[in-house]
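Trainee: got a predicted structure here, sequence first:
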Amino acid sequence: MNTKIEKKLIVLSVFGALGFAIAGIILGRMLDSQMIIFDGLYSFISLGLSMLSLWAMGKVSKKERIKLSLLGRQKIMEVDTAVVLIKYSVILIIVAGSLLGAVTALFDGGRNTSLNYALLYSIISTIVCYGVYVILRNPSKKKNSPLLRAEAHQWLMDTWASLGVLVGFALGFILSLIPATSFLVPYMDPFMVVIVSLYFIRIPIKEIRKTYIQIQNG
């Protein structure tokens, strides 16, 4: 794939991640929503990882290789392979930490979240995230591009997170209208984080395993 086109798409991913990171963290704090904070935090991490991809673009064009410590052993690998491995490792750590925090919140009685604004945020977030994912997905499929594939996966995971917020808060809103089930509403936010985290965690594990096999065979 043309490196310039690939770089422009990653720049798009950078600005998109920046916007959602700011919106998610600020609104998550205001609405006391762990799920929205998780969404914003993931976008913030995506921003840093996308910047790492931009740095890698120049190295890839020069066919540079780097040395990386992998399970206690030094491995020489292509820069884009190393970046993909680092990106998914960071995502795995973030998801695992969010899962632990959500489980703790469930045992602490949940969280009281403003459902109306959370629903609006989740609708906008789901639409925009999926749009960026589609833009990145098609070029990465036409010609194998590990960096673009990793970027597309980041946005796909963010889409599922936003969709989880939408479905969960919609359900929470319905439950709040029924006196017999209103006590469940504070548990919806951390419960969504648990569900989305369990879905998320399989993607970085799968990609890390695939990249590790490629490195071993290389």
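Mentor: Thanks, I have the structure now.

Trainee: tell me the pLDDT at the residue nearest to Tyr187 when sequence neighbours are not counted?
Mentor: Using Cβ to Cβ, 6 or more residues apart in numbering and skipping the chain neighbours, the partner closest in space to Tyr187 is Gly110 (4.0 Å). Where you see a C-beta, it was placed from the backbone N, CA and C, and this is true even at glycine. We have a pLDDT of 78 for Gly110.

Trainee: so who does Gly110 touch?
Mentor: Contact partners of Gly110, counting by Cβ atoms under 8 Å, 6 or more residues apart in numbering, are 185-190.

Trainee: next one: Met30
Mentor: Met30 neighbours (Cβ under 8 Å, 6+ apart): 114, 117.

Trainee: Ala170 now?
Mentor: So Ala170 contacts Leu119 (Cβ under 8 Å, 6+ apart).

Trainee: which regions of this structure sit below the pLDDT cut-off?
Mentor: When residues are selected by pLDDT under 70, those of the chain lie in 1-3, 53-81, 140-145, 214-218.

Trainee: strands of that one, start to end?
Mentor: Secondary structure of the chain (DSSP state E): strands at 65-70, 73-78.

Trainee: residue ranges for the helices of the protein, please.
Mentor: 3-31, 34-61, 79-107, 115-142, 146-176, 185-200, 202-217 (DSSP state H).
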